[in-house]
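A.B. asks: Pasting the sequence and the predicted coordinates here, then a few questions.
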Amino acid sequence: MTERGPFILLPEQCGREQRHLVGGKASSLGELVRAGAKVPPFFALSSEAYNDFIDYNSIRPLIDRIGKARGLEEVLRLAEEIRSSMLSGSFPQRLERELLSVFSELRSRWGSVAVRSSATREDASAASFAGQFETYLGVRGDDELLQSVMGCYASLYNDRAVTYRYRMGLPQDDVQMAIVVQGLVKARSAGVMFTVNPVNGDPSVIAIESSWGLGEAVVKGEVIPDRYLINKVTLEVLKIRRLAEQACKIRSPRRRTGHQGRDVREVRGAELGKGGGARAGQDGEVSGGTFRTTSGRGVGCWCRIGW
């Protein structure tokens, strides 16, 4: 059997040309690094690693079967079998060795990490998979990392994702999962920025939505976030929607934390959306007054930025 690779790609190796290997999130992060954005250190676990895991655990026949399934009921039943097989699987020795080695280096410099799904077909021109796949926060240990990676793999076949692909007429067996393992910012507030107004498509406006904590509550719709509309050229704040103080719970495999209060530092991130035809997007977080980009995602040719 031909040896697969590469399994691990560093930020400078991720970009549009590697999207088939590192998925949408990692390729966008790589482009942001090249553009000079402040991105916490990360590495990408490639789709080649996913395929190695799938074949090592003999899951490929199940994926072939779901690709041929006709009705949604059969698709959901096979998806459950695939998830179960992934979550009870084990890693090939070479893959586990390389993954834990680079993780150890990142953890020694950063402490805890976020493990983020980065599907190879994430946010195609005709479909968007935003929010469908898993993210794990506050990961520290080796076993915890391996379980989180398997959880991301399994989320490729969660009920929501397979139902969406079924209704969109997309193949169930032609999607792969790469993963971003990224230093976790100890965020005071976080949210999402669009480089155009997502409501009316106005390209002269930046829209920012934010809440307290790591941003999970905003992405999952668990809070109604504060909203800022900003002129892309002058960075003038055009409109602010602030809600009453909210408490939000940030869940991770290790712990639960709560945050309360209000914040106006979100406007700092608008610099990343400024400029003629800015077409990059990211998730980001504010910690100690510093803005950091944590992921990126395109919407058509314009982009959503999570910070």
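C.D. replies: In hand now; what should we look at?
A.B. asks: and the strand or helix carrying residue 67, which residues are buried?
C.D. replies: When elements are defined using DSSP states H and E, residue 67 is found to belong to helix 60-68. Across helix 60-68, burial judged by 16 or more other Cβ atoms under 10 Å covers 62-63, 65-66. No exception for glycine: its C-beta is placed from N, CA and C like everyone else's.
A.B. asks: now, which of the residues you listed sits nearest residue 174?
C.D. replies: residue 63 (9.5 Å; Cβ to Cβ).
A.B. asks: so the closest one makes contact with residue 79?
C.D. replies: No. With contact defined as Cβ atoms under 8 Å, residue 63 does not reach residue 79; the gap is 9.9 Å.
A.B. asks: helices or strands next to the top helix by length along the chain in the packing?
C.D. replies: Looking across the chain with DSSP state H, the single longest helix is helix 93-110. Applying 3 or more Cβ pairs under 8 Å, 6 or more residues apart in numbering; DSSP states H and E, one finds that helix 93-110 makes contact with strand 8-9, strand 42-45, helix 47-56, strand 113-119, helix 142-155, strand 177-183.
A.B. asks: out of these, nearest to residue 88?
C.D. replies: helix 142-155 (8.5 Å).
A.B. asks: just the strands in the stretch 151-300 of the chain please.
C.D. replies: 177-183, 189-194, 205-212, 226-231, 237-241, 248-251, 256-259, 283-287, 290-299 (DSSP state E, counting those that start in this stretch).
A.B. asks: ok so, going back, pLDDT averaged over the helix holding residue 67, what's the number?
C.D. replies: Here helix 60-68 scores 96 as its mean pLDDT.
A.B. asks: Report the angle between it and helix 47-56.
C.D. replies: Counting by axes from the mean of the first three to the mean of the last three Cα atoms, to 10 degrees, helix 60-68 lies at 110 degrees to helix 47-56.
A.B. asks: what does helix 60-68 contact?
C.D. replies: 54, 75, 78-79, 81-82, 85, 157, 162, 171-174 (Cβ atoms under 8 Å, 6 or more residues apart in numbering).
A.B. asks: and those residues, which of them are in helices?
C.D. replies: 54, 75, 78-79, 81-82, 85, 162.
A.B. asks: just the buried members of these?
C.D. replies: 54, 75, 78-79, 82, 85, 162.
A.B. asks: For the residues you listed, work out which two are farthest apart.
C.D. replies: 54 and 75 (17.9 Å).
A.B. asks: dump the residue contacts of residue 227.
C.D. replies: Residue 227 makes contacts with 207-209, 239-241, as judged by Cβ under 8 Å, 6+ apart.
A.B. asks: can you rerun that using 7 Å?
C.D. replies: Counting by Cβ atoms under 7 Å, 6 or more residues apart in numbering, residue 227 touches 207, 209, 241.
A.B. asks: Rebuild the residues you listed as a markdown table, extending it with distance to residue 184.
C.D. replies: A markdown table is the format used below for the contacts of residue 227 (distance: Cβ to Cβ, whole Å):
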| residue | distance to residue 184 |
| --- | --- |
| 207 | 25 |
| 209 | 21 |
| 241 | 28 |
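A.B. asks: if we can go back for a sec, and the longest helix of the chain, what's buried?
C.D. replies: 95-96, 98-100, 102-103, 106-107.
A.B. asks: In this protein, what helix or strand scores lowest on average pLDDT?
C.D. replies: Across the helices and strands of the chain, mean pLDDT, DSSP states H and E gives its lowest value to strand 256-259, namely a mean of 33.
A.B. asks: Low-confidence bits of the chain, can you list those?
C.D. replies: Within the chain, the segments meeting pLDDT under 70 span 1-5, 122-131, 243-307.
A.B. asks: What are the neighbouring residues in contact with the most centrally placed residue in it?
C.D. replies: For the chain, residue 116 is the residue whose C-alpha lies nearest the centre (Cα atoms, centre = their mean; 4.6 Å). Residues near residue 116 by Cβ under 7 Å, 6+ apart: 25, 135, 179-180, 182, 295.
A.B. asks: Format the buried ones among the ones in helices among the contacts of helix 60-68 as a markdown table; extra columns: distance to residue 200.
C.D. replies: Below are these laid out as a markdown table (distance: Cβ to Cβ, whole Å):
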| residue | distance to residue 200 |
| --- | --- |
| 54 | 42 |
| 75 | 36 |
| 78 | 41 |
| 79 | 37 |
| 82 | 40 |
| 85 | 45 |
| 162 | 33 |
